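In: Just the structure for this:
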Amino acid sequence: MEAYAEQAVEAAREMNITLDYKEESIERLEKILSQLHADRPVFLGKVAPGADDPSQKQIDSMSRIWGGYFGEVIRRSWGGEWTLETYPGTAAPVVTLEVDGAKIFPAMKVYRRLTNGASDDVAKFYQMVREKLQKNRKLQ
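Out: Here you go, the predicted structure:
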């Protein structure tokens, strides 16, 4: 995920945006994701079951890249370890960030941001994660 995060930093640099792994950069990440959501092409019709959907592959790739950055900001701020876990409701393993026993799925969150729009704002999500981690650490 660190390599994906570095790809995000480089892609942001090409957009004249600085991503520096600090918590404040999540607001800049949210702006990037908002723009990507707004710019994504509208595909009419449906892809046949089992067929490759190029737009889906592109969203999956962007989810890994920007999700890697999102997760690395959390990991560098709060510690934690990358693992593979089964995402609730699925059978496939997903890259997960485990911090103090909490499981965070950054790439899945970015995927939802790219596909659902502003209702899945990553900056707001990060604030909830931050509050929970702060609370958990005070209880320890």
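
In: State the distance from the most centrally placed residue in the chain to residue 136.
Out: Nearest to the geometric centre of the chain sits residue 67, at 2.7 Å (Cα atoms, centre = their mean). Going from residue 67 to residue 136 by Cβ to Cβ, to the nearest Å gives 22 Å. All C-beta spots, glycine's among them, are computed from the backbone N, C-alpha and C.

In: Backbone dihedrals for residue 100, please?
Out: The phi/psi pair for residue 100 (degrees, to the nearest 10) reads phi 50, psi 40.

In: pretty sure it contacts residue 78?
Out: Yes. Counting by Cβ atoms under 8 Å, residue 100 touches residue 78, with 7.5 Å between them.

In: Overlap in contacts, these two.
Out: With contacts defined as Cβ atoms under 8 Å, 6 or more residues apart in numbering, the residues shared by residue 100 and residue 78 are residue 133.

In: When these two are compared, which one has more neighbours?
Out: residue 78 (18 against 12; other Cβ atoms under 10 Å).

In: okay, the more buried one: pLDDT?
Out: Looking at residue 78, its pLDDT reads 96.

In: Return the set of buried residues in stretch 68-78.
Out: 68-75, 77-78 (16 or more other Cβ atoms under 10 Å).

In: Go ahead and name everything in contact with that stretch.
Out: Contacts for stretch 68-78 (Cβ under 8 Å, 6+ apart): 1-5, 7-9, 19, 21-23, 25-26, 29, 80-82, 95, 97, 99-100, 104, 106-107, 109-110, 122, 126, 129, 133.

In: Just the buried residues of those.
Out: By 16+ other Cβ under 10 Å, the contacts of stretch 68-78 give 1, 4-5, 7-9, 19, 25-26, 29, 80, 95, 97, 99, 104, 106-107, 109-110, 122, 126, 129, 133 as buried.
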